[in-house]
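Enquirer: Need a 3D model of the following:
(chains A and B)
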Protein chains: 2
Amino acid sequence: MQSINFKNNRLFYLDQTKLPLKEIWLECTSLKEGFMAIKKLSVRGAPLIGVFSAYCIYIHLKDLPSNKEKFLKKLKESLEHLKSCRPTAVNLSWALNRIDEIVIKNKDKSLIRIKKIILKEAITIHKEDIILCRKIGEYGVKLVNKGDKILTHCNAGILAAGGEGTALAVIYKANRVYKDIMVFADETRPLLQGARLTAWELAKNKVPVTVICDNMAAFLMQKGQINKIIVGADRIAANGDVANKIGTYSLAVLAKYHKIPFYVAAPFSTFDVTLEKGEYIPIEQRHENEVHKIINKVLITPADVKAYNPAFDVTPNELVTAIITDRGILYPPFKYNISKII
Amino acid sequence: MQSINFKNNRLFYLDQTKLPLKEIWLECTSLKEGFMAIKKLSVRGAPLIGVFSAYCIYIHLKDLPSNKEKFLKKLKESLEHLKSCRPTAVNLSWALNRIDEIVIKNKDKSLIRIKKIILKEAITIHKEDIILCRKIGEYGVKLVNKGDKILTHCNAGILAAGGEGTALAVIYKANRVYKDIMVFADETRPLLQGARLTAWELAKNKVPVTVICDNMAAFLMQKGQINKIIVGADRIAANGDVANKIGTYSLAVLAKYHKIPFYVAAPFSTFDVTLEKGEYIPIEQRHENEVHKIINKVLITPADVKAYNPAFDVTPNELVTAIITDRGILYPPFKYNISKII
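Expert: Numbering: from 1, shown residues only, chains lettered A, B, ... in the order given. Coordinates of the predicted model:
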């Protein structure tokens, strides 16, 4: 199972807005299309938008001027434009900064050479992501016990990364090791990534999964039905504050109250040590239509009523039990332990 | 605005499953129709199903035998049948027990007389409910301050009662007094009573309301955007444990963490002092289709994936700041204070 596919110099992606009802693969043939695919969440998930955006820039090269100076100027503009597409997940700008840096380093080379270097970097970012996911799974499985009932939020799986994901990489690995893991997937309103995507990929991969509405998580915790919570992240500040899909903070508070471990799984590319703490992470506000209408189809509120739609929230580090990274498991004090490995 | 209407010996109800898109009034002409209207949540809300069920029994009398002995036997069966319709809200059996008791008290009277007595009792239950709601509003407004931003869950308003509701009675009253109250309405998955019903009735009555997804409440609390939480109840045990719509317990835990007052509003008929504590309250499990499909229309999960759908949860009394009743505001120790007034 894959969420994007780069072959014969062409970039394809699974349109995640159509899942789970339809599996539609589309081709991205321009920067504009790539931008919209990310904006509309056809391609989503912090690590995946990093990988996809790097390929997208490569696809875009054919549309740039053949004069090198103009090429480099336009390329820079395109990188900045694509970075602006979604503000919260840092992996997007992390991947595009890698392209930017390698271009700067090789700016004296020929255009043909620079284009090849960009392609190579995009492929490297993709391959690295697959390895990062595997390592997160290998470290994370040490935190899971036989028979665990694990709650996850949104989608941090194959559909969110080049590899097996972050939170779900741990779950896939644990499922292979123990064979008796149970997963509860928060449906994750408003865009239902849990109900639509996590349930879809776990079921396809034969991992037992039960979908719940977001407001049922506390009830399950109260009944002792959840042993641990594992979620992904869109950006982690230097002090360990975690930006992730709206509803994550709620789970972290509930986990604290019920004394359930709350784990965040993320590759090093999700850390933004330039930000001292989570309150500096920009939170994307999305259109209230996403609350008004379910998957853009069924109106569920009076048409003219106000709605509020922050796409992410920030969980303060004191609510995080540990962060599972590709470089090992980090425990508090996070500021110190993050600074050591990043 | 009303949610049921009894006139010229006929019982009409607003089909709440069609709101907010369509306002459809239906007539209930038999016990079977009334049973289904409650079962399918066309008529819902703890106080309202009490009132409606009493009228429904009166409508049903025409279908009972004319022999008094058989009439009384069949009536008893019908009362038990209707009580079994939904298990959690105690107001249903409370209202039907009132009918039962008044029939027993008058069983030596003529059938015509007994039927008139049943009608009078149903009308009394309805009129009383309107007064109870008003009193809850009058007591509850004392807890509200000018400019308060109040979060509510599910629908505990005009659509849930004979009068102005319970939680929303407080909000309506506060809105009339202060004119600057802001309401946040949890959409309340799976059946979206907040998005569909609370938003609809508050907007119609010019109370400023913003709909949020259930998983956004914690974010607003973290940002200091919520001053208090007011919810209704389906049943309150002798110790003050509160059964209410799934997601209520989650809010109560979040309120505790954020040091926000958590108020429950309910008339005396919602108290069930025969139950020592909340864990004895039966929790209705509803069909997983309600999670799979939004308002029975749009499938949002893979069709064959498991889902879990408890309709209610129980909030332990230690998370409740106060209970606003028609007989005054109750504070801890709830066991003692409930026993004094019920």
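
Enquirer: Going by C-alpha atoms from here, please, whenever you check contacts or count neighbours.
Expert: Will do.

Enquirer: element containing A:Leu11, please.
Expert: Here A:Leu11 sits within strand A:10-14, counting by DSSP states H and E.

Enquirer: CA atoms only for the helix or strand following that strand, dumped as CSV, please.
Expert: Scanning forward in sequence from strand A:10-14 by DSSP H and E, the next helix or strand is strand A:25-28. The C-alpha trace of strand A:25-28 is given here as CSV (Å, rounded to 0.1, in the frame of the first residue of the first chain):
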residue,chain,number,x,y,z
TRP,A,25,-5.1,7.8,-8.4
LEU,A,26,-4.4,11.2,-10.0
GLU,A,27,-1.3,12.5,-11.7
CYS,A,28,0.3,15.8,-10.5
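
Enquirer: what's the first-to-last distance across stretch A:240-256?
Expert: Stretch A:240-256 has an end-to-end distance of 16 Å (criterion: C-alpha to C-alpha, to the nearest Å).

Enquirer: how far is it from where the chain is centred?
Expert: 15 Å (C-alpha atoms, centre = their mean, to the nearest Å).

Enquirer: Does chain B have contacts with that stretch?
Expert: Yes. Stretch A:240-256 lies within reach of chain B by C-alpha under 8 Å from any C-alpha of the partner chain, at A:246-247, A:249-250, A:253-254.

Enquirer: Now that stretch: average pLDDT?
Expert: Averaging pLDDT along stretch A:240-256 gives 98.

Enquirer: For it, which residues meet the burial criterion?
Expert: A:240-256 (16 or more other C-alpha atoms under 10 Å in any protein chain shown).

Enquirer: Which positions in the stretch 151-300 of chain A make contact with chain B?
Expert: A:188-190, A:192, A:195-196, A:199-200, A:203, A:209-219, A:246-247, A:249-250, A:253-254, A:257, A:291, A:294, A:297-298, A:300.

Enquirer: Let's see that with 7 Å instead.
Expert: Contact residues, the stretch 151-300 of chain A versus chain B (C-alpha under 7 Å from any C-alpha of the partner chain): A:189-190, A:195-196, A:199-200, A:209-216, A:218-219, A:246-247, A:249-250, A:253-254, A:291, A:300.

Enquirer: now the stretch 1-150 of chain A
Expert: Residues of the stretch 1-150 of chain A lying near chain B (C-alpha under 7 Å from any C-alpha): A:20-21.

Enquirer: Quick check: phi and psi at the nearest residue to A:Tyr58 once chain neighbours are set aside.
Expert: Leaving aside its sequence neighbours, A:Tyr58 sits nearest to A:Leu119 (C-alpha to C-alpha, 6 or more residues apart in numbering or on different chains; 5.9 Å). According to degrees, to the nearest 10, the main-chain angles of A:Leu119 amount to phi -60, psi -40.

Enquirer: Check the spacing between A:Leu119 and chain B real quick.
Expert: 36 Å (C-alpha to the nearest C-alpha, to the nearest Å).

Enquirer: Around that residue, how many other residues sit close by?
Expert: Neighbour count for A:Leu119, taken as other C-alpha atoms under 10 Å in any protein chain shown: 21.

Enquirer: Equivalent analysis for A:Ala46, please.
Expert: Neighbours around A:Ala46, by other C-alpha under 10 Å: 27.

Enquirer: likewise A:Pro47?
Expert: By other C-alpha under 10 Å, neighbour count at A:Pro47 equals 36.
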